[in-house]
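J.: With the input below, show me the fold.
(chains A and B)
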Number of protein chains: 2
Amino acid sequence: MFELHPRLEQDSVLLGSLPLSQIRLAKDGRYPWLILIPQVNAIKELHHLSADDQQQLMAESCAVASLMETSLSPDKINVASLGNMVPQLHLHHVARFEGDDAWPGPIWGAHPAVLLSEAELEQQVAAWRERLGGISNFVSA
Amino acid sequence: MFELHPRLEQDSVLLGSLPLSQIRLAKDGRYPWLILIPQVNAIKELHHLSADDQQQLMAESCAVASLMETSLSPDKINVASLGNMVPQLHLHHVARFEGDDAWPGPIWGAHPAVLLSEAELEQQVAAWRERLGGISNFVSA
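T.: Prediction:
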C-alpha cells in the first residue's frame, strides 16, 4: 500500500487521484499550487520511476497544468521536482502571476506561507475538485 | 530553424543535443547544473509541447538526470521548468549536495552566481560532453 510522507500530508489537502498520482492542494494561500505524488513507494527521483510511470506522470502533469492554465490564465506555470527536505517524489505545479509574492523568482523560500482559514481552504478544495472533474480518469477524494 | 532565447545563450554553454533537446551547462560554478531546451519555437510551457514531444522530453530528462546521479552521487537532483523571466521552455537539472550554497532550499535566487573562469568552464564542458557520450543519440557540440 502506498505510504504518503507525513510532511506532504501535513502541508496539503487531498483533492483526488489520477491513475498514477494523488493530487493535493498546498495549504499556502499565496499561490494556486497543486502537487502530484506518484503513488509508488520508495521513489525519490523522477528517473527512478519505471519508464511507463515516467510517461504516465508526464501526461498527468501536463493535463493538470493545462487545466490550471485554462481555469486561471496565469502568466506562467512553474513545475518542479525538488525534494531536498522531503525525499518522496512529488511534483509541484504553481500558477504564477506578475506581482505575486515571489515574482519573478520561484516561490520556495520566498517569505513564509500564508495559511488559509478552514473556510477558505474548504472552498478552494471544492473548486479544484470540480475543475479536476474535467480530466478523464480523475477520481475525487 | 530553432531560435534560442538570448538569455539562455548568455548564461550557459552548449554541450550538445539529443533528438529533441539541446543540452547546455549553466555557467554558475556553485552547482552541477544542466539545462535541457526542446528545440521547438514558441513553446513556453511543458504542456504546450505535442504529446510525443512531452514524452520525448521526459525520456531525455530522465536519461540526463540518471547520468548526473551516476557521475556525481548527489544527495538530490532538482528538476524544474520555471521560466518566469525567460519564456522559452527550458528544463533545469541541478545536482544538490547537503551543505551546498542554497541547501536545503532551491538554488534560484539564493545568492549571486559564481562564474567559472574560462579554463574551469572549458574543463567542465569537456567532462560533461564525455559523460553525455554515454547516452545513445547524444550528439556533442
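J.: ok, which stretches of chain A are strands?
T.: Using DSSP state E, the strands of chain A run over A:12-17, A:21-26, A:33-38, A:76-81, A:91-96, A:139-140.
J.: Contact residues of chain A facing chain B?
T.: A:44-47, A:49, A:51, A:54-55, A:57-59, A:61-63, A:65-66, A:69, A:75-85, A:87, A:96, A:103-106, A:108-110 (C-beta under 8 Å from any C-beta of the partner chain). C-beta coordinates here come from the backbone N, C-alpha and C atoms, glycine included.
J.: Give me the buried positions along stretch A:86-100.
T.: Neighbour counts over stretch A:86-100 (16 or more other C-beta atoms under 10 Å in any protein chain shown) mark A:88-96, A:100 as buried.
J.: How about stretch A:109-121?
T.: In stretch A:109-121, counting by 16+ other C-beta under 10 Å, buried: A:110, A:116.
J.: Please report how far the residue nearest the centre of chain A lies from B:Lys76.
T.: Centroid check for chain A by C-alpha atoms, centre = their mean gives A:Ile35 as the closest residue, at 1.5 Å. Applying C-beta to C-beta, to the nearest Å, the value for A:Ile35 to B:Lys76 is 17 Å.
J.: same deal with A:Pro19?
T.: Taking C-beta to C-beta, one finds A:Pro19 at 26 Å from B:Lys76.
J.: dump the residue contacts of the closest residue to A:Ile77 other than its chain neighbours.
T.: With sequence-adjacent residues excluded and distances taken as C-beta to C-beta, 6 or more residues apart in numbering or on different chains, A:Ile77 is closest to A:Ala65, at 5.0 Å. Residues near A:Ala65 by C-beta atoms under 8 Å, 6 or more residues apart in numbering or on different chains: A:77, A:79, A:93, B:45-47.
J.: before we move on, the earlier item: just the buried residues of the residues of chain A next to chain B.
T.: A:45-47, A:49, A:54-55, A:57-59, A:61-63, A:65-66, A:69, A:75-84, A:96, A:103-106, A:108, A:110.
J.: out of those, which are inside helices?
T.: A:54-55, A:57-59, A:61-63, A:65-66, A:69 (DSSP state H).
J.: what's the closest of the residues you listed to B:Ala119?
T.: A:Gln54 (37.4 Å; C-beta to C-beta).
J.: which one of the strands of chain A lies closest to B:Ala26?
T.: Among the strands of chain A, the nearest to B:Ala26 by C-beta to C-beta is strand A:76-81 (15.9 Å).
J.: low-confidence ranges in chain A?
T.: By pLDDT under 70, chain A contains no weakly predicted segment.
J.: any idea how far the closest residue in space to A:Pro74 that isn't next to it in sequence lies from chain B?
T.: Nearest residue to A:Pro74 in three dimensions, chain neighbours excluded: A:Ala95, at 3.8 Å (C-beta to C-beta, 6+ apart). With the distance defined as C-beta to the nearest C-beta, to the nearest Å, A:Ala95 ends up 11 Å from chain B.
J.: what's the answer for A:Ser140, then?
T.: Relative to chain B, A:Ser140 is positioned 22 Å away (C-beta to the nearest C-beta).
J.: Could you give the bridge partners of that residue?
T.: For A:Ser140, the beta-bridge partners under DSSP bridges are A:Gly16.
J.: State the distance from it to A:Ser117.
T.: A:Ser140 is 22 Å from A:Ser117, by C-beta to C-beta.
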